[in-house]
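*Asks:* Quick one: sequence plus predicted model below, questions after.
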Amino acid sequence: MRLDKFLKVSRIFKRRTIAKEVSKNGRVLINDRVAKPGTELKAGDILEISYGQKTIKVKVMKLADHMKKEDADSMYELIEE
């Protein structure tokens, strides 16, 4: 699954365009490497996302093309905020 789509489906970002912009500007690291919006994710990857003055670190638990709002947080595990 593409990084920008994961960020949108998991509801870390509300819109895919925002997820795409954040990752395009080099503010997302996957396993300590700068990631582009089209970078493919797999379960177990560690994402470090910097936006605004916040930085969060999450672990990808599962990938799904569609997810209900109440189940979206099961796609990742928050490691650090």
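*Replies:* That came in fine, so what should we check first?
*Asks:* could you pull out the helices for this structure?
*Replies:* 3-9, 16-24 (DSSP state H).
*Asks:* hmm, who's touching the shortest one?
*Replies:* By Cβ atoms under 8 Å, 6 or more residues apart in numbering, the residues outside helix 3-9 that reach it are 1, 13-16, 19-20, 22-23, 28, 30, 35-41, 49, 60, 63-67, 72, 75. Placement of C-beta: from N, CA and C, glycine included.
*Asks:* I'd like to know the average pLDDT value across stretch 18-38.
*Replies:* Averaged across stretch 18-38, the pLDDT comes to 94.
*Asks:* Endpoints of that stretch, how far apart?
*Replies:* 14 Å (Cα to Cα, to the nearest Å).
*Asks:* go on, stretch 64-72?
*Replies:* Taking Cα to Cα, stretch 64-72 runs 9 Å from one end to the other.
*Asks:* outside of it, which residues touch it?
*Replies:* So stretch 64-72 is contacted by 1, 5, 9-11, 74-75 (Cβ under 8 Å, 6+ apart).
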